[in-house]
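Novice: Show me the folded form of this:
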Amino acid sequence: MTKRPWPNLALIADEKADASKRQQLVAVFGTIQQPSCVSVLLKIAAESRNDTLRATSLGALVSYNDAAIAPAVVKHYRDLPDQVRDVAQSLLATRKESALLLLTAIDAGQIDPKTISEPTVRKLLLHDSQEIAQLCKKHFGELSGPSPEVLRAQIEKFAGLIGGAAGNPYQGKQLFTQSCGKCHVLFNQGGKIGPDLTTYKRDDLRGMLLNVVNPSAEIREGFENYVARTADGRTLTGFIADQDQSIVVLRGADGQNISLARDNIEDLRASKTSLMPENQLNNLTDQQIRDLFAYLRSTQPLAAGN
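Specialist: Numbering: from 1, shown residues only. Okay, here's the model as predicted:
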């Protein structure tokens, strides 16, 4: 008897079908073991015009141990938009073999190391591999973090900068949306990876700066970063978004949820390192920093149309 095809594959492969329905079905494939979906998900990740769907497809592929996945993702990595690259990095960093393939591509000049985020580098270093550690050190240096003296100097520098001239909160809102807003909510807008900043003590400038410059200094309850190692060879990081007696759902820095069966988890423990990367302000101009903090310190939502 001929085996019938998986009923939803044709729908998720159809670019003319409803995008939200396709995304829901793609997410389902990330929670079940259906190897026949791998080639379809890879095709969506490489060719779809919907970036959210591409990211969801890559997130679903984290569940599959298929030798075809990593080479295909590395091949198309340079053509991916930033939002999708974040998920591609998480996928490649999950298994030792694919992590090494990513680093080999970087070493060969096929992938720009500047596109690799700090959370990804930290995740790569979780693998017990001297070769991975050496390549990370070669291309990303040491991730030891600043000393207390350096931290204090940085905080005073930024505090003086912000207090030295006015910032434009409307420009700051745009910067927030492009960076912080991917993970944090402020005034009901933003992502849900980190804590909601609306009720945070945002009039305490130095306190805010400490959490930006050194996000691991104080990790709010419920947003602790966990490291999970699974029986099928994955190393995953994220905060616990949901759990019950049989399933643990981790939400990573890329915003994707990963469902893990408890009987497949070999080790699950909290990390002292925040999901939020350090040096978030280093790529901003002085005026951009003033603008960003002018918005972060706003006491109410900004009026639309400004």
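Novice: So which bits of stretch 85-100 are buried?
Specialist: Using 16 or more other CB atoms under 10 Å as the burial criterion, the residues of stretch 85-100 that qualify are 85-96, 98-100. All C-beta spots, glycine's among them, are computed from the backbone N, C-alpha and C.
Novice: ugh, typo on my part, it should be stretch 237-249
Specialist: 237-241, 248-249.
Novice: Ok, stretch 168-176 next?
Specialist: Applying 16+ other CB under 10 Å to stretch 168-176 flags 168-169, 171-173, 175-176 as buried.
Novice: show me where pLDDT drops low in this structure?
Specialist: The model of the chain has pLDDT under 70 over residues 1-7, 144-145, 304-306.
Novice: which stretches of it form helices?
Specialist: Counting by DSSP state H, the chain has helices at residues 9-13, 19-29, 38-47, 51-61, 69-76, 82-94, 96-107, 118-124, 130-140, 148-164, 169-178, 205-213, 286-296.
Novice: Just give me the closest of the buried residues of stretch 237-249 to Ser36.
Specialist: Val249 (24.3 Å; CB to CB).
Novice: Look up how far Ala17 lies from Arg49.
Specialist: 13 Å (CB to CB, to the nearest Å).
Novice: What lies in contact with the lengthiest strand in the chain?
Specialist: The longest strand of the chain (DSSP state E) is strand 235-243. Strand 235-243 has contacts (CB atoms under 8 Å, 6 or more residues apart in numbering) with 62, 93-96, 119, 122-123, 126-127, 193, 222-230, 248-253, 257-258, 260, 271, 275.
Novice: now stretch 221-228
Specialist: Here stretch 221-228 has contacts from 126, 194-195, 219, 234-240, 248, 250, 260, 265, 267-271, 273-275, using CB under 8 Å, 6+ apart.
Novice: list the buried ones in it?
Specialist: 223, 225-228.
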